[in-house]
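Peer 1: let's see this in three dimensions:
(2 chains, ligands or ions: 1)
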Amino acid sequence: MSDHTWGVLSNQAITAAGVVYFLALLCALVEWSSWLSRAKATAATKELVGAGAPADEAVATDPADDVREYRAALFGRLSLMLTAIAVVCHLVALVARGMAADPNRVPWGNMYEFTISGSFVVAAAYVVLYRRLKLAWMAPWVLGFTVVVLMLAVVGLYEPVAPLTEALNSYWLVIHVIAAIIATGGFTLGGIASAAYLLKSRFPDATLLARVPELEALDRVSYRIHAFAFPVWTFGVLISGPIWAHDAWGSYWNWDPKEVWAFITWVVYAGYLHARATAGWKGKKAAIVALIGLATLWFNFIGINYFSSTSQHSYAAPAAPAVVELISQGASQ
Amino acid sequence: MSTQATDKGRSDQESQHVRRPGELNARELARWGWRQLTSMRTALILLLLLALAAVPGSLIPQDGVDSLKADQWREAHTTLTPIYEKLGLFNVYSAPWFAAIYLLLMVSLVGCIIPRCLVYARAMRAQPPATPARLTRLPDSATYVTDEEPAEVLAAARKQLRGYRIRKDDDGDSVSAEKGYLREAGNLVFHMSLIIVLVAFATGSLFGYKGGVIVLVGEEYGFANEMSQYDDFKPGSLFAPEDLDDFSFKIDDFKAEWLGTGPGAGTARGFESNIRYTAGTDDEKKYDLKVNHPLTVGGTDVFLLAHGYAPVITVRDGEGNVAYSGPTVFLPQSQNLLSFGVVKAPYASPEEIGFQGLFYPFMGTVDGEPVNLMGDIGDGSNAMLSLQGFRGDLNLDAGPQSVYALDTSKAHMMSPDESGKAFNLRLGETAELPDGLGSVSFDDVQQWNRVQISKSPGKEWALLGVSLALVGLLGSLFIRSRRVWVRARRVDGRTLVEVAALDRSGGGDTASVVTDLVENLRGARTQEEKDV
Ligand code: HEM
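Peer 2: Okay, the predicted model is just below:
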C-alpha cells in the first residue's frame, strides 16, 4: 500500500469510528432513558402506594419494569459492542496514520494526531475496564466526550501527514508520549467519575442520575483510575520526559511552559491523593481537586499550544521550529 | 470559665505572669506550629500552593528560559515591569517566595516522614491488633452459623489467610490477620525519594551551567571549553569557572538530509556533525554528533541544536584595503534557512560601512519577488545574498552591540544605484559601492553548528530519585493493606462465625474480601442461611 492509500484509509477509519461511536452513544442513551423511566416509575409507585406500604414489592411486580430492564440490558450490551467496534476502527486509523508517513512513525506528530490518540485511550480504557470497575453507567459520558473530541479533531485540527521534526525522532519520545497519552486518557476517565460524584452528591435524588452508582462506589472508581494514571504520568513527565529533553535540548528540566504545566498537573493530582486521605477533604473536595487536575491537564494540551510562544514542544507549531527560537536567543546576547 | 474567675481573684502583679485562657507559651506555640506544619492538611495546602505558584512562570516570559522574549516583554510593559521585577516574576523558579513554598513543603515532609518511619519500624515488629469485640459493627462484616467446631473454622481461616501476618497470642476464639505492610514502606520510600530529587535538582541548578556557541564547520575553526568562547553562558549561582571540564573540538563535516517533496519539503532532517575532540591530555577521538545523540565529556554534555550558513563576505573600503573579511554567521528565520545577518566594517575609510540583509540558500522568484525555495544549497548556483548598505556612523561607541544587529540610527542607507535597491550578490560576485566607497563581494559559503554545552551535576541522582519514587509510589498505591478478623464461638449448640475486614488503603473493596472468605470457609458443604 502506498503512503497515500494509508492516509486515505486513516481518514476513512476515523470517520467510521466517529459514526459507530455515535451509534453506540444513541444506544447508551436509550439504555439510560430506560433507567430513567424505571426510576420515575419507582418514584411514582412509591407515591401511589404511600409511605407505609412496602414499595419494593410493588415495584418488583410491575410488569412494565421487566420490559424496561430487558430493554436497558439489551441496549447496554449493544452500546458496548458498538463501542468495541469503534475502538478497533479508531486503532486502525491510528496505525494507518503512522504508516502513511515516510518514514513510518508513531502517530503523534501534531495536535490532530495527539487528539485522536488521546480520545482512543479514553474509549479503549473504558472498554477494558468496563467489567472490572463496572463502568456501564459511564457509557453516555465517555461516548459523548469521544464523539465531540473526534469531531473537533477532524474539523478543527486536521493536518496532512508530515514527517516528525528532528528532535521528535527519538524512542524516548515514543515512550514519553505513550505514557502521557495513557495517563491523559486515564485522568479523563477518572475525571468523569469525579464529575459524576459531584453531581450525584449535589442532586442525590435526581432521576436523571439514577443510573450513576452510589457516592462511595463513584469515589472508589475515581480513586482507582487516578491511582493507575498517576504513576504513569509520573513516569511520563518526571522520568521519560526529562531523559528525552536531556538528549534533545541539553538539559533535563528547562521550565518550559509545557513542562511547568505537566508539573502543575502532577502536583495537583498528588494533592488529590492527599485530599482523599485527609479528614475534611475526603469526598467532595477531593473530587474538586481531581477536576482541577484535569483542567490543568487539558489546558496544558490545548491552552499552552495556543497561548505560549516560548514552548519548545514543537509538535504544537511545526512551522516555527524550536531551533530558530533558540538561535535568536543566542543572537540577543 | 472557672479559670477566668480565678484570674480575677489574683492580684494585678500576679496576673501579669499568669496566662490568660487560650494563651500559649513559646514552647507550646512552637509545638503547635510544628504539628500544624507537619499535618496532612498543611501538606495538601502547600501542594496546591506550589501548583498555583508555578503558574505565572509559564505565562510571563522567564529570563532563564527565553531572555529575548523577557526583554521584549519588559519593553512593551513599562508600568508593570518594575512591579514584576520586585516580585521576581521574570525568575519565578528561583524567586524567594517560590523557594519558600517548596522548602516549607520539604520541612513538612521531613517532619511527617520521620515519625512515620519510627511508627512503621515498630509496626513491622508488632503483631496484628487483637480482634475487636464487636466485629459486626465494622462496615464490612458477615456472620453465619455452622456445625463445625470453632477450632476447625479458625484453623481453616488461618489456612485461607495465606500471605497475611497472623496474630499469635490471640484469645483462642478468633483469628486476627493483617497484610500489606509494604504499602506504608512504599509510601515512605516515595516521600523520601522526593527529597533526593529536590537536593539533586538544586545541586544541578546551583553548581551547573548551560552555554551556547556557534562553531563554524572546518579545520581552521573549533571550540575550546573556556568561558570566553561562549556566545551565551548561564551559570548556576555557585558555579566556579574552574568547574569547566577541559576539552576542545573541531567540526570536520556537517551533513543534513534535505526533503525534496511532501509537506516538509525544503527542510532538513538527519543532521549529523563529524567532530574530533580532545579531552584533557587524552588522544583525539572522533564522534558523530546528532540531535538526540549528545557527546559526553567528563561531566559535560555537548548537544547539536541547530545549523545554518555563513556566507564568506569581503568588504573593501575606498582606499582598496580589506575592511572586513570572513565567514559571517547568518541566523535562520524559517525552517528553509532563509537567514538574516549583519556585516560591520567600522574601520573602513573614508566612512564606516555596514550591511544587513538576507541570505537565500536556494532562491527562486514568485511574481517577480525573490523567495527562498529550500534550505539545501546544492552547488550554490542558486544562492543569493541580498544586502542593504549603510554608511556613516554605526554607533559602536554607544556601548556593546549584538553582532547580529546593526544600529542604523546615525547611518545613511546606500544603494548600488539610484533605484534604492539592495546589493544582490550571487556566489562569486562583487558589487561596487557608490561614491567610490569600496566594494562588497560574496566569495564562498560555509556552514555552522549551534552547539549547547551544559553540565548539571547530580542528574544521575535526580534520575535515581525519581525512579525510586516511582517504585515506592507503585507500592504505595497498589499494595492493598487490610486487616481481617474471624471469630468463631459456640452459641446455642452451634458455631456462630463472624468475619470482618477493614481496608486501610482507601479504594479497596473489602466487601468482596469478606464474601470470598465466607464462601471459602463454608465451602460447598453447608447450605446455611447467611445474613450479611
Ligand atoms: C513534595 C510534596 C509531596 C508529594 C508530591 C506527595 C505525594 C503523595 C502521593 C502521590 C501520595 C499517594 C500515595 C498513597 O496514596 O499512598 C501521598 C501519600 C501520603 N502523603 Fe504525601 N506528598 C508530598 C508531601 C507530603 C507531606 C509534606 C506529608 C506530611 C504531612 C505527606 C504525607 C502523606 C501521607 C501520610 C500519605 C499517605 C496517605 C494514605 O494514607 O493513603 N506527604 N503523597
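Peer 1: point out where the chain drops to low pLDDT.
Peer 2: All of this is about chain A. When residues are selected by pLDDT under 70, those of chain A lie in A:43-64, A:102-103, A:163-169, A:305-333.
Peer 1: meant chain B actually
Peer 2: For chain B, the ranges with pLDDT under 70 are B:1-24, B:169-171, B:261-266, B:505-508, B:524-532.
Peer 1: in it, which residue sits nearest the ligand?
Peer 2: Going by Cβ to the nearest ligand atom, the ligand is nearest to B:C112 of chain B, at 2.7 Å. From N, CA and C alone the C-beta is placed, and that goes for glycine too.
Peer 1: how much space between that residue and B:G218?
Peer 2: As judged by Cβ to Cβ, to the nearest Å, B:C112 and B:G218 stand 59 Å apart.
Peer 1: so what's B:E498 up against?
Peer 2: B:L135, B:T136, B:S141, B:A142, B:T143, B:W485, B:V486, B:R487, B:A488 (Cβ atoms under 8 Å, 6 or more residues apart in numbering or on different chains).
Peer 1: output the contacting helices and strands for the helix or strand hosting A:C89.
Peer 2: For A:C89, the element it lies in under DSSP states H and E is helix A:63-100. Contacts defined by 3 or more Cβ pairs under 8 Å, 6 or more residues apart in numbering or on different chains; DSSP states H and E place helix A:63-100 against helix A:3-49, helix A:111-129, helix A:139-152.
Peer 1: check which helices and strands the longest one sits against.
Peer 2: So the one you mean is helix A:3-49. Counting contacts by 3+ Cβ pairs under 8 Å, 6+ apart, helix A:3-49 is packed against helix A:55-60, helix A:63-100, helix A:139-152.
Peer 1: for B:R167, give me phi and psi.
Peer 2: Dihedral pair for B:R167: phi -60, psi 130, per degrees, to the nearest 10.
Peer 1: repeat for A:D256
Peer 2: When read as degrees, to the nearest 10, the backbone of A:D256 gives phi -70, psi 140.
Peer 1: quickly note the distance from it to the ligand.
Peer 2: For A:D256, the distance to the ligand equals 20 Å [Cβ to the nearest ligand atom, to the nearest Å].
Peer 1: how many residues are close by that residue?
Peer 2: As a burial measure, A:D256 scores 22 neighbours (other Cβ atoms under 10 Å in any protein chain shown).
Peer 1: cool, and the one 3 residues further on?
Peer 2: The local packing count at A:E259 equals 25, with neighbours defined by other Cβ under 10 Å.
Peer 1: do B:S512 as well
Peer 2: 11.
Peer 1: quick check, B:V471 in contact with B:N187.
Peer 2: No. Assessed by Cβ atoms under 8 Å, B:V471 is found out of contact with B:N187, at 11.7 Å.
Peer 1: between these two, who's got more neighbours?
Peer 2: Shown here are B:V471 and B:N187; by other Cβ under 10 Å, B:N187 has more neighbours (22 against 15).
Peer 1: who's in contact with that one?
Peer 2: B:N187 sits next to B:R116, B:G472, B:G475, B:S476 when contact means Cβ under 8 Å, 6+ apart.
Peer 1: redo those as TSV? Include distance to chain A, neighbour count and secondary structure.
Peer 2: TSV is the format used below for the contacts of B:N187 (distance: Cβ to the nearest Cβ, whole Å; neighbours: other Cβ atoms under 10 Å in any protein chain shown; DSSP: H, G, I helix; E, B strand; the rest coil):
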residue	distance to chain A	neighbour count	secondary structure
B:R116	12	16	helix
B:G472	10	21	helix
B:G475	10	19	helix
B:S476	9	24	helix
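Peer 1: let me know the secondary structure of B:L48.
Peer 2: What DSSP: H, G, I helix; E, B strand; the rest coil gives for B:L48 is helix.
Peer 1: what about the nearest residue to it once chain neighbours are set aside, distance to the ligand?
Peer 2: Computed as Cβ to Cβ, 6 or more residues apart in numbering or on different chains, the closest residue to B:L48 that is not its neighbour in sequence is A:G271, at 5.1 Å. Separation of A:G271 from the ligand (Cβ to the nearest ligand atom): 8 Å.
Peer 1: how about B:P350, what does it touch?
Peer 2: Shown in contact with B:P350 (Cβ under 8 Å, 6+ apart): B:D317, B:G318, B:L437.
Peer 1: from B:A488, how far out is B:S176?
Peer 2: For B:S176, the distance to B:A488 (Cβ to Cβ) stands at 13 Å.
Peer 1: please disregard the earlier target; I meant B:V329.
Peer 2: Using Cβ to Cβ, B:V329 is found at 86 Å from B:A488.
Peer 1: and the chain, what are its domain boundaries?
Peer 2: Since no chain was named, I'll use chain A. Domain assignment for chain A, taken from the TED database, gives A:1-46+A:67-164, A:166-313.
Peer 1: if you could check chain B rather than the one you did, that'd help
Peer 2: Domain ranges of chain B: B:25-121, B:132-180+B:480-531, B:206-307+B:452-470, B:313-447, per automatic domain parsing.
Peer 1: A:A206 is nearest to which of the ones you listed?
Peer 2: Closest to A:A206 of the domains of chain B is domain B:132-180+B:480-531 (Cβ to Cβ; 25.8 Å).
Peer 1: for burial, what's the neighbour tally of B:A121?
Peer 2: B:A121: 10 neighbours (other Cβ under 10 Å).
Peer 1: so which helix or strand takes in it?
Peer 2: Element membership for B:A121, per DSSP H and E: helix B:96-125.
Peer 1: so which elements touch that helix?
Peer 2: With contacts defined as 3+ Cβ pairs under 8 Å, 6+ apart, helix B:96-125 has these neighbours: helix B:26-37, helix B:40-54, helix B:181-207.
Peer 1: out of those, the one nearest A:K134 is which?
Peer 2: In terms of Cβ to Cβ, the element of these nearest to A:K134 is helix B:181-207, at 24.3 Å.
Peer 1: residue numbers of the stretch 151-300 of chain B in contact with chain A?
Peer 2: Within the stretch 151-300 of chain B, the positions near chain A by Cβ under 8 Å from any Cβ of the partner chain are B:201, B:210, B:212, B:214, B:231-232, B:259, B:262-264, B:267-271, B:291-294.
Peer 1: residues in contact with A:A96?
Peer 2: Residues near A:A96 by Cβ under 8 Å, 6+ apart: A:W6, A:G7, A:L9, A:S10, A:A13.
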